[in-house]
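Asker: I need the structure of the sequence given here:
(one chain, ligands or ions: 2)
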Amino acid sequence: MPDQQAFPPQQQEPPGSTRAMQPVPDHGEQSYVGAGRLVGRRALVTGGDSGIGRAVAIAFAREGADVAIGYLPEEQADAEETADWVRQAGRRVALLPGDLTDELSARELPQRAVDLLGALDILVNNAGFQTARGGGIDDLDPERLERVVRTNLLALLWVTQAALPHLPRGGAIINTSSIQAYEPSAPSIDDASTKAAINDITVNLAAELGPRGIRVNAVAPGPICTQPQPATQDPDHLAAFGGNTPLGRAGQPAEVAPAFVFLASQRDASYVSGSVLGVTGGRPVF
Ligand code: NAD
Ligand code: MG
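Answerer: Ligands and ions are numbered 1, 2, ... in the order given. Okay, here's the model as predicted:
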């Protein structure tokens, strides 16, 4: 992994493209080595087309899991690239386009994964929407706010509710929180509040589902080099992105995926539930 920041100023229009980033983020394509932690398991990763979700899909596949990927239809090219990596790991992949801000689409997603993979053991709620361009409370455009809340919060609840009848004892749910839940920044007021709520939901569900043998945890990434960064930030922002962490740089998606693997693994994390694992370059998650 790089010790130094290596991002020149750059900008894209949302939703942005992974290939157009300079350099292309590291999703573990060349580096992730599996150790059989998820052999025979079936996982659904929302937002698995790009960024952290792609790194999770690659890592899960190399650990032996079949992977279903949910994503926005316009991100088909990114999804197919992720799917290629899953197949190259010798695992099955299910491509599930659909807009999760639509309740029916969200509720259908787990069944579509089961139809194609045969069962479902692990749910990774990772799809998210954020735009940090603009100001704070004065810039809360109602449409954008609605999209953030629907994507990050309502869709997470709808997908989880629909997945639960499929999840067996030993199953796991992993939500994607954020450093923003702990250190909210003014421009991210909408996104940050959904992440705090996701932490709450994680603890809540862990308590409710523990008796059913289902573990529920979250990963809270810090600043990670993914496509929304150039898509949503000012051109110079990316060059400085992550510089305010103790480790002094942004992280790569490949550096976040192992946290998801750990929490998904019944071998490694059988007694871990209701926790939020920070992958933040040293910024606090308490
Ligand atoms: P990303 O854009 O690469 O991944 C998010 C994916 O979510 C998109 O690719 C898209 O396919 C999917 N998605 C968005 N809206 C959707 C919708 N309505 N229906 C279906 N799918 C939808 O970005 P990422 O940075 O990898 O983000 C993944 C998660 O990590 C998000 O929840 C984000 O909030 C969280 N996160 C990211 C960072 C960071 O610095 N990159 C930091 C903290 C938390
Ligand atoms: Mg994407």
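
Asker: near ligand 1, which residues of the stretch 51-200 of the chain are found?
Answerer: 51-53, 70-72, 75, 99-101, 126-130, 151, 176, 178 (CB under 6 Å from any ligand atom). The way it works is simple: take the backbone N, C-alpha and C, and place the C-beta from them, glycine included.

Asker: narrow these to those in strands?
Answerer: Mapping these onto strands (DSSP state E) picks out G70, Y71, T176.

Asker: which residue ranges of the stretch 101-250 of the chain form helices?
Answerer: Along the stretch 101-250 of the chain, counting by DSSP state H, counting those that start in this stretch, helices occupy 103-117, 142-149, 155-163, 189-209, 228-232, 237-240.

Asker: least confident of the ones you listed, on average?
Answerer: Mean pLDDT is lowest for helix 228-232 out of these, coming in at a mean of 64.

Asker: which residue is nearest the centroid of the chain?
Answerer: N126 (3.0 Å; CA atoms, centre = their mean).

Asker: if we ignore the residues flanking it in sequence, what's nearest P110?
Answerer: A163 (3.9 Å; CB to CB, 6 or more residues apart in numbering).

Asker: check contacts around the one you found.
Answerer: Taking CB atoms under 8 Å, 6 or more residues apart in numbering as the criterion, A163 is in contact with L44, L109, P110, L120, L123, I173.

Asker: ok, it to N175 distance?
Answerer: Per CB to CB, to the nearest Å, A163 is found 12 Å from N175.

Asker: thinking again about what came up before, out of the contacts of A163, which comes closest to ligand 1?
Answerer: If you rank these by distance to ligand 1 using CB to the nearest ligand atom, L109 comes first, at 8.6 Å.

Asker: wait, that closest one sits on G48?
Answerer: No: judged on CB atoms under 8 Å, L109 makes no contact with G48 at a distance of 11.3 Å.

Asker: those two: which has the busier surroundings?
Answerer: G48 (34 against 24; other CB atoms under 10 Å).

Asker: what sits against that one?
Answerer: Counting by CB under 8 Å, 6+ apart, G48 has contacts R54, V56, A57, V67, A68, I69, G70, Y71, A79, T82, V124, N126.

Asker: pLDDT wise, what is the second one at?
Answerer: Right, V56. 99.

Asker: that one and F262 touch, don't they?
Answerer: No: using CB under 8 Å, V56 is not in contact with F262, being 11.5 Å away.

Asker: these two: who's more crowded?
Answerer: The neighbour comparison of V56 against F262 (other CB under 10 Å) goes to V56, with 33 against 17.

Asker: which phi and psi does that one have?
Answerer: Taking degrees, to the nearest 10, you get phi -70, psi -40 for the backbone angles of V56.

Asker: what is in contact with L109 and G48 at once?
Answerer: Counting by CB under 8 Å, 6+ apart, the residues touching both L109 and G48 are G70.

Asker: now that we have the contacts of A163, which of them are buried?
Answerer: With burial judged by 16 or more other CB atoms under 10 Å, the buried subset of those is L44, L109, P110, L120, L123, I173.

Asker: farthest-separated two in those?
Answerer: L109 and I173 (13.7 Å; CB to CB).

Asker: distance of Q30 from I58?
Answerer: Q30 sits 10 Å away from I58, going by CB to CB.
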